[in-house]
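Student: Provided below for reference: sequence and predicted model.
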Protein chains: 2
Amino acid sequence: MSKRITIKEIAKALHVSISTVSKALNDSYEISEETKKRINDYAREHKYKPNSLALSLQNKRTKTIGILIPDILNHFFARVIRGIEKVANERGYNILTCITNDSLQKERDTIEMLSNGTIDGFIASLSEETISEEDFSHFTDVIDAGTPVVLFDRVHKDIVCDKIVTDNIKSAYKATRYLMRSNCKNIAFISAIDNLNVGQFREKGYRKALTKYDVPVNENLMVRLDNKLSLKTEITKLLKNNPEIDGIFTVDEVSGAVVMQVLYEMKIKIPDQISIIGFTNGILAKYSSPALTTVNPFAHTSGEIAANRLIDKIEGKIPHDDIVTEIVRTELIERDSTKRLFIKF
Amino acid sequence: MSKRITIKEIAKALHVSISTVSKALNDSYEISEETKKRINDYAREHKYKPNSLALSLQNKRTKTIGILIPDILNHFFARVIRGIEKVANERGYNILTCITNDSLQKERDTIEMLSNGTIDGFIASLSEETISEEDFSHFTDVIDAGTPVVLFDRVHKDIVCDKIVTDNIKSAYKATRYLMRSNCKNIAFISAIDNLNVGQFREKGYRKALTKYDVPVNENLMVRLDNKLSLKTEITKLLKNNPEIDGIFTVDEVSGAVVMQVLYEMKIKIPDQISIIGFTNGILAKYSSPALTTVNPFAHTSGEIAANRLIDKIEGKIPHDDIVTEIVRTELIERDSTKRLFIKF
DNA sequence: ATGAAAGCGCTAACAA
DNA sequence: TTGTTAGCGCTTTCAT
């Protein structure tokens, strides 16, 4: 790799000892201004860069944090990464992004691979498989070993660590209520993430809102899938079989878009005939036709919070046993797939 | 950080020397089977993991590659990362993802930060600012220092290194030709990336196709912007002023979606009245209503090629001065925003 | 077959 | 104010 100059070479060139150079470079009070200047000048001139590996080996910290996300094509995760990246950067940390591809094995391997001094801590969102298999030993192991871990979005109660989650129930509740207030009487529920607890929380919020306003929950109006494979078919079926539907709440990014595609094909007018609210404020929502009203989960903020929390732990600013679950609020972004309301949301 | 067991501790516990342990763990022929077994058993039992920092310091290689991308929310880049991640992983490398946010300074800082032993090589796509400022010293410096660099998508001729690029001219040519073959007579061109060379190549392809088929280029039918700020306004203006438009070729992901939004608002039928072909096969294209016919740049493949190339260089399988520019072909994905053609594309 | 010692690049306690 | 030395965790000659 690069033929960089080392402290040793500077020492030799300037006829001083290695430690003098080290101290001078670190602006130690022990070294005379004159020597400091000589050394620093020489260092600058020869583009000296401390070897971070050696530093890390010494300090027992690498100033990098490992991020584990199930999928980088998911807009929510991508935004979270951005948030993490931002504060990591501000606080002098690098991020090491790893994609688990929703595989338990990959998640395990990655953690294994990185917890040998490569990273100071993890920020992770659990893979689908991990959640369904309920195997968390790889996480509990590193946590037990003293590595700080912050989980976000897809978390699990059996993993004891800091967590950053979206206020799923409440946002789903509000979204559903919004549809009711805009006069929808038959509100469908569509999920392609029924296998994830976040999906179930959103369902809970949906049910809660209906119940609260004395609307009986109609199970026929609910599509609950574990993936997007049969999404289009199921949605089409739902709409064909239930022409009374006048509102739809979708709990994942893709479902919203697919609903709009089906409605487009069926030539159903949005929001005149059917109103839609989606979840996740990604490009899909923003750039759809019409633009989709959606719950915005503040992904960027979540990332920032997670990073700050983790770094605080790493740097010992927060004791290890101080464990919290932070709930990040959401907002509803009103666009053109719902009728405008003039009462406060 | 984690209180892992070290080679030294194993040595002490088993009353052997450090080097014996090291050799045993590396399955050296010098060590007796019996000792090896004792040591390996003990290591396994105590979950010994070699400290990768120490290894890297020793070997002068870290087995991590740094990725620099302008924006993670861009679907193309996200897919490239996936491709890189895949082969990196297969070949035992980690990836360190850094987002430059299209800032020259950030790009410079990141390279600076990582080229001190943290990474073995870079895979990068230039930031907008870097391209417009034409300041590449940070790249040439690391390249001169011997660090392998592979550039992809947004590259520049003044940086001498391996490059992986999409066949922009040809794909734009084909897309435009496709529109002509589907009987479009007045094909508009829309770009929100006029500041990038990739955008200009696509424009070149568009012009080339028209010229080739003796259609005069009408500059009034071209919208060329440096960003998406006024995109919607300009597109609306374009369509209002030029009702003869019956085909649109957009060269970036967002433009395609915005065109569809405008068309939706203007109640223009796709593809009956206007056909559209977009660029970048992201979710936006796949899930729009109607689904967008688009040029698919094989982002994942590009990532794989870049990673393989870089690792080959790192591992010395390819000499440093063997420099290539790999052109990755594209495909046209026919969906519902264009009329079906029955002649081969 | 095993171990002592040097060294990767750096810091820091201690000596001078 | 400057230098010596040990050590971070590991590999690798070179003895033994």
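Tutor: Arrived safely, thanks for sending.

Student: switch to C-alpha atoms for all contacts and neighbour counts from now on
Tutor: Fine.

Student: of all of the stretch 201-345 of chain A, which residue lies closest to DNA strand D?
Tutor: A:I314 (17.1 Å; C-alpha to the nearest atom of the strand).

Student: And the pLDDT at that residue?
Tutor: For A:I314, the pLDDT comes out at 94.

Student: Could I get the contacting residues of it?
Tutor: A:D120, A:G121, A:P148 (C-alpha atoms under 8 Å, 6 or more residues apart in numbering or on different chains).

Student: how many neighbours does the nearest residue in space to A:K36 that is not next to it in sequence have?
Tutor: In space, and not counting its chain neighbours, A:K36 is closest to A:A24: 4.9 Å by C-alpha to C-alpha, 6 or more residues apart in numbering or on different chains. Number of residues near A:A24 (other C-alpha atoms under 10 Å in any protein chain shown) recorded here: 22.

Student: Is A:A24 in a helix, a strand, or coil?
Tutor: helix (DSSP: H, G, I helix; E, B strand; the rest coil).

Student: wait, what's in contact with it?
Tutor: So A:A24 contacts A:I31, A:T35, A:K36, A:I39, A:N40 (C-alpha under 8 Å, 6+ apart).

Student: and what of A:L292?
Tutor: A:G256, A:I276, A:I277, A:G278, A:A285, A:K286, A:E334, A:R335, A:D336, A:S337, A:T338.

Student: Skipping its backbone neighbours, what lies nearest A:F139 in space?
Tutor: A:I159 (7.1 Å).

Student: Would you confirm that the one you found contacts A:D141?
Tutor: No - under the criterion of C-alpha atoms under 8 Å, A:I159 makes no contact with A:D141, lying 10.2 Å away.

Student: just to revisit the earlier point, out of the contacts of A:L292, which is most surrounded?
Tutor: Ranked by neighbours (other C-alpha under 10 Å), the contacts of A:L292 are led by A:G278, which has 29 neighbours.

Student: Next, the residue in the stretch 101-250 of chain A that DNA strand C sits nearest to: phi, psi?
Tutor: Nearest residue of the stretch 101-250 of chain A to DNA strand C (C-alpha to the nearest atom of the strand) works out as A:G117 at 13.6 Å. The phi and psi torsions at A:G117 (degrees, to the nearest 10) take the values phi 100, psi -10.

Student: Counting neighbours, what do you get for it?
Tutor: 23.

Student: From chain B, how far off is A:K163?
Tutor: Counting by C-alpha to the nearest C-alpha, to the nearest Å, the gap from A:K163 to chain B is 20 Å.

Student: Check which helices and strands the helix or strand harbouring A:I169 sits against.
Tutor: Here A:I169 sits within helix A:168-181, counting by DSSP states H and E. On a contact count with 3 or more C-alpha pairs under 8 Å, 6 or more residues apart in numbering or on different chains; DSSP states H and E, helix A:168-181 meets strand A:187-191, helix A:197-212, strand A:247-250, strand A:275-279, strand A:331-333.

Student: give me that answer again for 10 Å
Tutor: Counting contacts by 3 or more C-alpha pairs under 10 Å, 6 or more residues apart in numbering or on different chains; DSSP states H and E, helix A:168-181 packs against strand A:187-191, helix A:197-212, strand A:247-250, strand A:275-279, strand A:293-296, strand A:331-333.

Student: Would you reformat the ones you listed as a markdown table and include mean pLDDT?
Tutor: Converted to a markdown table, those look like this (pLDDT from 0 to 100):
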| stretch | mean pLDDT |
| --- | --- |
| strand A:187-191 | 98 |
| helix A:197-212 | 97 |
| strand A:247-250 | 98 |
| strand A:275-279 | 98 |
| strand A:293-296 | 97 |
| strand A:331-333 | 96 |
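
Student: Would you convert the ones you listed into JSON lines that also reports distance to DNA strand C?
Tutor: Listed next are the helices and strands packed on helix A:168-181 as JSON lines, based on distance: least, C-alpha to the nearest atom of the strand, whole Å:
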{"stretch": "strand A:187-191", "distance to DNA strand C": "52"}
{"stretch": "helix A:197-212", "distance to DNA strand C": "44"}
{"stretch": "strand A:247-250", "distance to DNA strand C": "53"}
{"stretch": "strand A:275-279", "distance to DNA strand C": "48"}
{"stretch": "strand A:293-296", "distance to DNA strand C": "44"}
{"stretch": "strand A:331-333", "distance to DNA strand C": "46"}
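
Student: Tell me which stretches of chain A form strands.
Tutor: A:64-69, A:94-99, A:121-124, A:149-152, A:162-166, A:187-191, A:222-224, A:247-250, A:275-279, A:293-296, A:325-328, A:331-333 (DSSP state E).

Student: who does the fifth one pair up with?
Tutor: Pointing back at strand A:162-166 there. strand A:149-152 (parallel), strand A:325-328 (parallel) (DSSP bridges).

Student: Low-confidence bits of the stretch 201-345 of chain A, can you list those?
Tutor: A:342-345 (pLDDT under 70).

Student: now with 80?
Tutor: A:341-345 (pLDDT under 80).

Student: and it, which residues reach chain B?
Tutor: Selection of the stretch 201-345 of chain A residues close to chain B by C-alpha under 10 Å from any C-alpha of the partner chain yields A:254-265, A:282-291, A:314.

Student: and A:G278, what does it touch?
Tutor: A:172, A:175, A:190, A:248-257, A:259, A:284-285, A:292-296, A:332-333, A:337 (C-alpha atoms under 10 Å, 6 or more residues apart in numbering or on different chains).

Student: try 6 Å this time
Tutor: A:F249, A:T250, A:V251, A:G256, A:T294 (C-alpha atoms under 6 Å, 6 or more residues apart in numbering or on different chains).

Student: and if you look at A:V324?
Tutor: Contacts of A:V324 by C-alpha under 6 Å, 6+ apart are A:D162.

Student: Near DNA strand D, which residues of chain A? Just list them.
Tutor: A:15-20, A:29-36, A:54, A:57-58 (C-alpha under 7 Å from any atom of the strand).

Student: Of these, select the buried ones using a PyMOL command.
Tutor: Buried subset of the residues of chain A next to DNA strand D, written as a PyMOL selection, criterion 16 or more other C-alpha atoms under 10 Å in any protein chain shown:
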select buried, chain A and resi 18+20+31+36+54+57
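
Student: Next, check the residues of chain A next to DNA strand D against the helices and list the overlap.
Tutor: A:I18, A:S19, A:T20, A:E33, A:E34, A:T35, A:K36, A:A54, A:L57, A:Q58 (DSSP state H).

Student: In those residues, find the pair that's most separated.
Tutor: Maximum pairwise distance in those, criterion C-alpha to C-alpha, is 30.5 Å, between A:E34 and A:L57.

Student: For the stretch 51-200 of chain A, give me the ranges with low pLDDT.
Tutor: For the stretch 51-200 of chain A (pLDDT under 80), the answer is none.

Student: how about the residues of it that lie near DNA strand C?
Tutor: Near DNA strand C, when you scan the stretch 51-200 of chain A using C-alpha under 7 Å from any atom of the strand, you find A:N51, A:S52, A:A54, A:L55, A:L57, A:Q58.

Student: Make CSV from those residues and add distance to chain B to it.
Tutor: Shown next, in CSV, are those (distance: C-alpha to the nearest C-alpha, whole Å):
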residue, distance to chain B
A:N51, 5
A:S52, 6
A:A54, 6
A:L55, 10
A:L57, 6
A:Q58, 10
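
Student: Now flag whichever of those residues is closest to A:S137.
Tutor: A:L57 (27.1 Å).

Student: Can you get me a residue count around the residue nearest to the closest one when sequence neighbours are not counted?
Tutor: Using C-alpha to C-alpha, 6+ apart and skipping the chain neighbours, the partner closest in space to A:L57 is B:L53 (6.0 Å). For B:L53, the neighbour count with other C-alpha under 10 Å is 26.

Student: for A:A43, same thing?
Tutor: 19.

Student: May I see the buried residues of stretch A:245-262?
Tutor: Applying a neighbour-count criterion of 16+ other C-alpha under 10 Å, one finds A:245-262 buried in stretch A:245-262.
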